[in-house]
Every structure is written in C-alpha cells, then in structure tokens.
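Visitor: Next input, structure requested:
(one chain, ligands or ions: 1)
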Amino acid sequence: MAINIDTVYKQFGALKVVNGVSVDIKDGEFFVMLGPSGCGKTTTLRMVAGLELPTAGRISIDGADMTYAEPRHRDIAMAFQDYGLYPNMTVFKNIEFPLKIRKLDVRERARKVEDTAEKLGLGELLQRKPSQLSGGQRQRVSLARALVRNPKVFLMDEPLSNLDAKLRAVMRTEIKKLVTNLGITTIYVTHDQIEAMAMADRIAVMSKGNMVQVASPLEVYDRPKTRFVAEFIGSPPMNLFPAQIKAGGTVTCILPNFAHSLCEEERAFAAQIVDGKGGLLLGIRPEHLVVAKAGAQGATDALVELVEPLGQTTNIYVSVGDVRFVIVTDRTTAKAGDTIGVVAPSDLLRVVANDDAVVRH
Ligand code: ATP
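Guide: Purely as a prediction, here's the structure:
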C-alpha cells in the first residue's frame with residue numbers, strides 16, 4: 001500500500017517536533033527515515049501508526065485519509081527496539097497472540113504461526129520461552145509476531161539497536177529479504193547510516209523535524225544537497241570548502257586546483273542556494289581524492305598530519321595552510337610530516353548548500 005504524508009506538523013506544547021513533512025512512499029517500498037536523536041523520526045512514524053495525531057497535515061494510506069483513524073483500522077504492524085515479548089508465553093504463543101485477539105480459528109492460527117515461524121527460522125524454537133533465546137532470536141520472534149497477520153504496512157523503530165554489531169549486520173539482511181519477498185510497504189527508523197544505506201530503497205535524511213533530502217542511498221551519498229547530509233552520511237564525512245561561482249559557471253574554492261564546472265541541473269540548484277540565506281560549498285568524498293607526487297601537475301601540495309591505517313583503507317589527514325581535509329586511500333607509505341600531491345577530479349566535486357540555505361527536494 002502507498003503511504004502519503006502531506007505537510008504534516010507535530011507540536012508538543014510549544015515544542016515543534018515535525019515541521020511540515022511531505023513524502024509519498026510507494027507500494028512495496030522499503031523507506032528509511034535516518035537522522036540523529038531527537039530529529040522527529042519516531043514521532044513521524046507514530047503518526048503514521050496512529051499512536052500520535054498530527055497538529056496539522058494529512059496522512060493517507062492507499063488513498064484513504066487516515067490522519068485521525070484509530071491504529072487498529074490502519075492494517076499496520078509495528079516492531080520496536082525493545083521486543084515487547086510476553087516472558088511467560090512460549091514463542092508459539094507470543095506469535096499467536098495477535099491472531100487470538102482477532103479471534104481466528106485455532107487451526108488457522110496454528111497454520112499461520114508455523115508458516116511465519118518457518119520463514120523466520122524459528123521452527124525449532126516454538127516451545128521455548130523468551131528467556132531461553134538469544135537476542136537475535138528474540139528479535140525474530142518480535143518480527144514474526146508483527147508479520148503473522150499479514151499487515152499491508154510494516155513500521156520498524158530501531159529494531160536492531162539492542163543487538164551486537166555482528167548480529168545487526170545479519171539481521172538487517174534477513175529483515176530486508178523478508179519484507180521484500182512479502183512485498184510489504186515498510187518504514188524503518190534508524191540513526192545508523194550503514195543500516196540505512198544497506199536496507200533502503202529510499203532514505204529520508206531528517207534534521208530538526210524536516211526531511212532534508214529524500215533519495216536513493218547512492219544518490220544521497222553521491223549528491224548530498226546540504227552540509228548536514230554530506231556530514232551525516234559517510235565516514236569520514238565529505239570534505240567541504242566554502243565556494244564561489246565564477247562567470248561561465250565554474251565553482252572554485254580556496255584551493256585553486258579544486259574546481260568544478262556546473263552542469264545544467266547543478267546551475268539551477270546552485271541558483272537556489274545563492275538565493276537562500278546560506279552559502280555555497282564545494283564538496284568531495286575522501287575516497288575520491290587521489291594521492292600524487294608532490295609538485296605533480298594539477299595536484300595541490302598538502303602536508304600529511306596523521307595517517308590512520310585501517311586495514312582495508314587508510315585515512316590520510318592533511319593540511320594546506322589553514323585548510324584541513326581527509327583522503328581515504330589504499331595502503332600508503334606516506335607519513336606525518338611528508339608533503340604529498342592531492343588531485344580532486346573535477347567531475348567528482350559536488351555543489352553543496354550550507355544548511356541555512358533553502359533547498360527543496
Ligand atoms: P530518537 O532516535 O532519540 O528516538 P527521534 O528522532 O525518534 O529520536 P522523536 O522521538 O520523534 O525523535 O522526538 C523528537 C522530539 O520530540 C524530542 O525532542 C522529544 O523529546 C520530543 N517528544 C517526543 N514525544 C514527546 C511527547 N509525548 N511530549 C513532549 N515531547 C516529546
């Protein structure tokens with residue numbers, strides 16, 4: 001089912017938590033809301049579920065206005081970070097519970113529970129109590145309980161945050177596979193950029209109650225529109241330099257060799273930024289910078305301040321006068337105190353808005 005969120009606001013007293021969010025989520029889409037603590041992700045999700053009512057705006061599910069509908073009329077299932085399992089019930093009974101409330105026939109209930117448990121690899125564990133399960137297994141029981149009644153929409157709020165890093169990685173693939181196979185429209189809330197990148201069809205990056213950018217994971221990574229998105233996604237984050245547009249549509253910054261020619265689309269975007277309150281930035285991902293010999297043509301000489309060998313990649317922190325930035329490269333022999341050349345391929349430089357700028361998506 002498609003979900004339409006139309007200019008939705010939420011205020012708690014004087015506190016503005018969601019500031020006019022609008023987005024169309026497609027039928028069967030895996031949509032992730034990503035942002036730091038307090039940006040309004042959970043509140044937005046709870047409004048879709050009907051657990052919170054908007055101060056203004058409209059929420060439709062499958063074309064029907066659901067803004068003020070009771071949660072039970074929305075055909076939505078939710079899973080949270082605290083699994084909320086009943087400790088005295090077996091796995092079977094936990095998963096069966098939503099069906100029992102709906103007074104389904106006993107045999108029908110058993111069939112659905114076994115079917116869902118099988119899909120989630122819980123077939124062998126049906127007679128155990130939650131205390132006899134690992135964290136990952138408990139999480140799967142919680143998902144099974146949410147999915148057993150075949151909801152049309154699935155809402156998940158940081159469902160993996162209680163798990164250790166390794167299990168999180170396994171579970172995120174399992175969840176994604178499962179809901180994709182079932183074709184359920186899913187909204188998933190997280191503050192973890194890797195989780196968002198790995199799972200989402202589209203990511204909404206949220207800050208201070210706004211969806212700052214809504215796009216596919218790679219679009220958000222490759223073409224962040226604002227400083228907030230550029231710095232929130234990517235580790236280390238994108239290098240950003242205050243920039244100006246020169247006649248002819250070239251963008252330059254304090255490092256003369258870092259220059260970029262605007263294409264048609266970027267020109268319109270840059271005009272929007274310049275019209276706004278904020279400034280224009282030129283950005284480049286650390287792994288797009290190329291290390292060359294000091295003095296090489298087209299390269300900018302930089303002083304190596306710190307080298308972090310991480311195994312798979314190496315971070316080289318450099319400075320050019322007062323300007324500091326980071327390069328991600330393969331293994332290197334460069335060490336602190338060396339001078340290296342740095343090349344910024346023009347086509348990989350990006351125009352980014354400072355966050356005060358007005359940017360529409
Ligand atoms: P987190 O990742 O920490 O859960 P979030 O992005 O999901 O953050 P929300 O839970 O939506 O953020 O909360 C947004 C803001 O609204 C926070 O400042 C929070 O304190 C406030 N808030 C949430 N619920 C209420 C409430 N019932 N009454 C008053 N303020 C609330």
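Visitor: neighbours around the nearest residue to Ala294 once chain neighbours are set aside, how many?
Guide: For Ala294, ignoring the flanking residues on the chain, the nearest one in space by Cβ to Cβ, 6 or more residues apart in numbering is Thr339 at 4.5 Å. In this view, the C-beta of every residue, glycine as well, is placed from N, C-alpha and C. Thr339 has 13 neighbours, counted by other Cβ atoms under 10 Å.
Visitor: Please apply the same query to the one 10 residues further on.
Guide: A count of neighbours around Leu349, defined by other Cβ under 10 Å, yields 22.
Visitor: quick one: what helix or strand has the spatially closest residue to it that is not a sequence neighbour in it?
Guide: Nearest non-adjacent residue to Leu349, counting by Cβ to Cβ, 6+ apart: His260, 3.8 Å away. Counting by DSSP states H and E, the element that carries His260 is strand 259-261.
Visitor: my guess is the residue nearest to Ala294 meets Ala292, correct?
Guide: No: when contacts are counted by Cβ atoms under 8 Å, Thr339 is not listed as touching Ala292 (11.2 Å).
Visitor: what about the helix or strand containing Val189, average pLDDT?
Guide: Of the helices and strands defined by DSSP H and E, Val189 is found in strand 185-190. What strand 185-190 shows for mean pLDDT is 96.
Visitor: just stretch 218-237 next, same as before
Guide: 95.
Visitor: got the contact list for it?
Guide: For stretch 218-237, contacts defined as Cβ atoms under 8 Å, 6 or more residues apart in numbering pick out 34-36, 193, 197, 203, 205, 207, 212-213, 215, 238, 240, 269, 281, 283, 285-286, 315, 326, 328, 350, 352-355, 357, 359, 361.
Visitor: swap in stretch 253-266?
Guide: 241-245, 249-252, 270, 282, 284, 298-300, 320, 323, 343-344, 346-347, 349-351.
Visitor: just the buried members of the residues you listed?
Guide: Burial by neighbour count, judged by 16 or more other Cβ atoms under 10 Å, picks out 241, 243, 245, 251-252, 270, 282, 284, 299-300, 320, 323, 343-344, 349-351 from the contacts of stretch 253-266.
Visitor: Check which residues of the lengthiest helix in the chain are buried.
Guide: Looking across the chain with DSSP state H, the single longest helix is helix 165-182. Neighbour counts over helix 165-182 (16+ other Cβ under 10 Å) mark 167-168, 171-172, 174-176, 178-179 as buried.
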